[in-house]
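# The following block contains a protein sequence and its predicted model.
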Amino acid sequence: MLELKKENHSMFKEFYTGSKIMPNGQRKTVNCILDTNCVRYIVFIGNRIKSRREFDNGNKELCFNNATKALNK
């Protein structure tokens, strides 16, 4: 199971990312942001946004868990 790793980002203090190569050869990347008033994750396949989900400030753990599930899907 793949996990998201914290990375330094110039705009966000809590920025996590993870990626994998899918069977069709495309790269799938998930970015998860857990800052105040910005709690979301974005799934990229190749260079295109596949999905984007936003959450309330109190649901940071739910956002992180769903982002991890999206990466491993």
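Nice, I can see it. Note that the structure is a prediction, hence the values are computed from the model and not measured. Numbers count the residues shown, from 1 in each chain.
# end-to-end on stretch 24-44?
14 Å (Cα to Cα, to the nearest Å).
# Now it: buried residues?
Buried residues in stretch 24-44, counting neighbours by 16 or more other Cβ atoms under 10 Å, are found at 28-34, 39, 41-44. Bear in mind the C-beta positions are built from the backbone N, C-alpha and C, glycine included.
# Over to Asn72: give its phi and psi.
phi -90, psi 0 (degrees, to the nearest 10).
# thought it was touching Leu2?
Yes. Between Asn72 and Leu2 there is a contact at 5.6 Å, judged by Cβ atoms under 8 Å.
# re the thing from before, for Thr17, state which of the buried residues of stretch 24-44 is nearest.
Asn31 (5.0 Å; Cβ to Cβ).
# In a strand, the closest one, correct?
Yes. Inclusion of Asn31 in a strand is indicated when DSSP: H, G, I helix; E, B strand; the rest coil is applied.
# what about the helices in the chain?
60-72 (DSSP state H).
# any idea how far Gly46 is from the residue with the largest distance to the centre of the chain?
No residue in the chain sits farther from the centre than Asn24, which is 20.5 Å out by Cα atoms, centre = their mean. Using Cβ to Cβ, to the nearest Å, one obtains 10 Å as the distance from Asn24 to Gly46.
# ok so, going back, quick one, phi/psi of the residue farthest from the centre of the chain?
Main-chain torsions, Asn24, degrees, to the nearest 10: phi -80, psi 0.
# Which pLDDT does the model give it?
Among the per-residue scores, Asn24 shows a pLDDT of 92.
# With the one 4 residues further on instead?
On pLDDT, Lys28 comes in at 97.
# Correct me if wrong: it contacts Leu2.
No. Contact criterion Cβ under 8 Å: Lys28 and Leu2 do not qualify, at 9.7 Å.
# between those two, what contacts are shared?
20, 71 (Cβ atoms under 8 Å, 6 or more residues apart in numbering).
# which residue sits closest to Glu14, ignoring its sequence neighbours?
Nearest residue to Glu14 in three dimensions, chain neighbours excluded: Leu34, at 3.8 Å (Cβ to Cβ, 6 or more residues apart in numbering).
# For that neighbour, give the beta-bridge partners.
Counting by DSSP bridges, Leu34 is bridged to Val39.
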